[in-house]
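Student: from the sequence below, what's the structure:
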Amino acid sequence: MASEPDHKQTRPGLFSGLNALETIVVAAIVIVALAGMMLVGKGLFLQSRIVAGPGAVFVAAL
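Tutor: Modelled structure (predicted):
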């Protein structure tokens, strides 16, 4: 047991298998997806303000 060497396998990085162009394309897709989710969230927030009425008070809980 003590004579066996430790074989720790290192995992490759997330983007290590991609070249520069593929990394840029992945980053652009992620940015577009995040922007889309922000727009959907903004639309849902505006819709909830319309449904709640003009006198409703929204407090951001952080």
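Student: so Arg11: helix, strand or coil?
Tutor: With DSSP: H, G, I helix; E, B strand; the rest coil as the basis, Arg11 sits in coil.
Student: backbone dihedrals for it, please?
Tutor: Note on Arg11: its backbone torsions stand at phi -80, psi 140 [degrees, to the nearest 10].
Student: what number of residues lie near it?
Tutor: Each residue near Arg11 was counted by other C-beta atoms under 10 Å, and the total is 6. Using the backbone N, CA and C atoms, a C-beta is placed for each residue, glycine as well.
Student: what segments of this structure are helices?
Tutor: 20-52 (DSSP state H).
Student: nearest residue to the middle of this structure?
Tutor: What sits nearest the mean C-alpha location of the chain, by C-alpha atoms, centre = their mean, is Leu34, with 6.2 Å.
Student: what sits against that residue?
Tutor: Contacts for Leu34 (C-beta atoms under 8 Å, 6 or more residues apart in numbering) come out as none.
Student: so how far is Val40 from it?
Tutor: With the distance defined as C-beta to C-beta, to the nearest Å, Leu34 ends up 11 Å from Val40.
Student: could you report the pLDDT at the residue nearest to the centre of the chain?
Tutor: Model confidence at Leu34, given as pLDDT, is 97.
Student: how far away is it from Ala28?
Tutor: 11 Å.
Student: likewise for Ile50?
Tutor: 33 Å.
Student: so what touches stretch 11-18?
Tutor: Contact with stretch 11-18 is made by 23, 26, as judged by C-beta under 8 Å, 6+ apart.
Student: switch to 10 Å and redo it
Tutor: Residues outside stretch 11-18 that contact it (C-beta atoms under 10 Å, 6 or more residues apart in numbering) are 22-27.
Student: how many residues are close by Leu18?
Tutor: Each residue near Leu18 was counted by other C-beta under 10 Å, and the total is 13.
Student: same thing with Ile50?
Tutor: By other C-beta under 10 Å, 10 other residues sit near Ile50.
Student: ok, it - contacts?
Tutor: Contacts here follow C-beta under 10 Å, 6+ apart; on that basis Ile50 touches Ala56.
Student: many thanks, we can stop here.
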